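**Q** Provided below for reference: sequence and predicted model.
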Amino acid sequence: MKLALFQSLPGAADTAVRPGVLTGDGIVDVSEAVARFDARTPQEVMVAIIEHYDLLRPELERLSSSGRRLPLAAVRLRPPLPRPGKILCCIGNYWEHAEREPRPLNMFLKNPDAVIGPGDTIVLPEFTEPYVFQHEAELAIVIKGPAKQVSQADYRRAVFGYTCIIDVSARAQGRQTWRSGSWMGKSFDTFAPLGPCIATADEIADPNNLHVQFWNNGDLRHDYNTNDMEHRVPELIEFASAIMTLNSGDVIACGTNHEGLGPLQDGELAEIEIQGIGRMALKVADPLKRTWERGIYMGPGSTNPAARAAPQT
């Protein structure tokens, strides 16, 4: 099942954010199924669905098969988790054709307030220090909690589903993130596009065999499979839950294959698609109207080394 949050287009009498099930020909409002829960915000609504999914599933399936379908052109999809409690992001985590020993698994926390959704705008900050702002297309795990000390063999009990995330990053040179760390240079407002939906775990046979793609103004940039992860999804769950309690609606971003990194800049269209989940498009705006040489900065096909990533204007 593909679960989403949506609202009517601006100008409608009621633009409240509602839960829905995506189908092949639209979206079905399932608000009546979750009305019994004391969920006051869109985030609380989705958390209630996650925590009570086994109870709700028969009703959600009934509504999705017989309820009135709204065409996607008539609604606006919102981020399926508008304000996750935590966004944990893997550092590196892809082999990228390297012949070496696995690196130690590591993660950082990304600002949950940075979340935006389909059709929104990534706004580049008015900082002159970063050399470039780049996209990182990633698979994201949606947690069902509370989950603590979860073994790799039992990882499925902590996974509700999967979604797409773009880990927008302010970079200096190479992979070095602004201010020499990961958290601040990746936590500007709008730097965590999430969506378009949550594909429940039963929809994804193997999270480590999914095709991930990203387009910048129609040009394919990221194009990789999640089977290239150094540390696979079960290990990510075990590692994170050994450190902290994972709660329903938390997110773990699995890292990206950096081959294909390039700049984001004013006026561009950014699109991510992951097999079995869906596709999401966002706009990019830069109040300072900076420009960078377009192209791939890292990996095979690189035309613009990161050392040449300083703004041209």
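**A** That came through fine.
**Q** Please make it C-alpha for all contacts and neighbour counts, starting now.
**A** Fine.
**Q** Provide the contact partners of the helix of greatest length in the chain at residue level.
**A** Secondary structure of the chain per DSSP state H: the longest helix is helix 53-66. The contact list for helix 53-66 (Cα atoms under 8 Å, 6 or more residues apart in numbering) reads 21, 22, 23, 28, 29, 30, 33, 34, 49.
**Q** OK, contacts around the first one?
**A** Residues touching residue 21, when contacts are defined by Cα under 8 Å, 6+ apart, comprise 1, 2, 3, 4, 27, 28, 29, 30, 60, 64.
**Q** Same check on residue 17?
**A** Residues near residue 17 by Cα under 8 Å, 6+ apart: 5, 6, 7, 8, 42, 78.
**Q** In this protein, where is pLDDT below threshold?
**A** In the predicted model, the chain carries pLDDT under 70 at residues 173-175, 180-182, 299-313.
**Q** Of all residues in it, which one is nearest the centre?
**A** Nearest residue to the geometric centre of the chain (Cα atoms, centre = their mean): residue 165, 1.5 Å.
**Q** what's the closest non-adjacent residue to it?
**A** Once flanking residues are discounted, residue 165 sits nearest to residue 194: 4.6 Å by Cα to Cα, 6 or more residues apart in numbering.
**Q** what pairs with whichever helix or strand that neighbour is part of, and is each one parallel or antiparallel?
**A** Element membership for residue 194 (DSSP states H and E) is strand 192-200. In the sheet, strand 192-200 lines up against strand 2-8 (antiparallel), strand 115-116 (parallel), strand 159-166 (antiparallel) (DSSP bridges).
**Q** coming back round to it: show me which pair in the contacts of helix 53-66 is furthest apart.
**A** Greatest spacing in the contacts of helix 53-66, by Cα to Cα: 23 and 34 (18.5 Å).
**Q** And the helices in this structure?
**A** Applying DSSP H to the chain gives helices spanning 31-34, 42-51, 53-66, 233-243.
**Q** For the longest one, which residues meet the burial criterion?
**A** Residues of helix 53-66 classed as buried: 53, 60, 63, 64 (neighbour count, 16 or more other Cα atoms under 10 Å).
**Q** one step back: which residues are in contact with the residue nearest to residue 165?
**A** By Cα under 8 Å, 6+ apart, the contact set of residue 194 is 79, 80, 81, 115, 116, 117, 118, 163, 164, 165, 166.
**Q** what about the second one, neighbour count?
**A** Other residues within reach of residue 80 by the criterion other Cα atoms under 10 Å amount to 29.
**Q** can you pull the contacts of it?
**A** 3, 4, 5, 43, 46, 117, 194, 195, 196, 197, 198.
**Q** let's see it at 7 Å
**A** Contact partners of residue 80, counting by Cα atoms under 7 Å, 6 or more residues apart in numbering, are 4, 5, 195, 196, 197, 198.
**Q** and it, how far is that from residue 100?
**A** Distance, residue 80 to residue 100, using Cα to Cα, to the nearest Å: 37 Å.
**Q** again, but for the last one
**A** If you measure residue 166 against residue 100 using Cα to Cα, the figure is 27 Å.
**Q** okay, the two: which has more neighbours?
**A** Neighbours of residue 166 and residue 100, each counted by other Cα under 10 Å, are more numerous for residue 166; the result is 27 against 7.
**Q** The more buried one pairs with what?
**A** Applying DSSP bridges, one finds that residue 166 bridges with residue 137.
**Q** Does it touch residue 139 like I think?
**A** No - assessed by Cα atoms under 7 Å, residue 166 is found out of contact with residue 139, at 8.7 Å.
**Q** what's the closest non-adjacent residue to residue 256?
**A** residue 138 (5.3 Å).
**Q** which residues does the one you found contact?
**A** Counted by Cα under 7 Å, 6+ apart, residue 138 has contacts 164, 165, 166, 253, 254, 255, 256.
**Q** what's the burial count for the first one?
**A** The burial count assigned to residue 164 is 29, neighbours taken as other Cα under 10 Å.
**Q** tell me the domain boundaries of this structure?
**A** Residue ranges for the domains of the chain, per automatic domain parsing: 2-78, 87-308.
**Q** So which of those is the most surrounded?
**A** Highest mean neighbour count of the domains of the chain: domain 87-308, a mean of 20 (counted as mean count of other Cα atoms under 10 Å).
**Q** how distant is it from the center of its chain?
**A** In terms of Cα atoms, centre = their mean, to the nearest Å, the centre of domain 87-308 is set 7 Å apart from its chain centre.
**Q** For residue 162, see how far away the nearest residue to residue 277 once chain neighbours are set aside is.
**A** Leaving aside its chain neighbours, residue 277 sits nearest to residue 199 (5.5 Å; criterion: Cα to Cα, 6+ apart). Residue 199 sits 5 Å away from residue 162, going by Cα to Cα.
**Q** One more: residue 97?
**A** To residue 162, residue 97 is 25 Å away according to Cα to Cα.
**Q** before we move on, what about residue 125?
**A** Distance from residue 125 to residue 162, counting by Cα to Cα: 29 Å.
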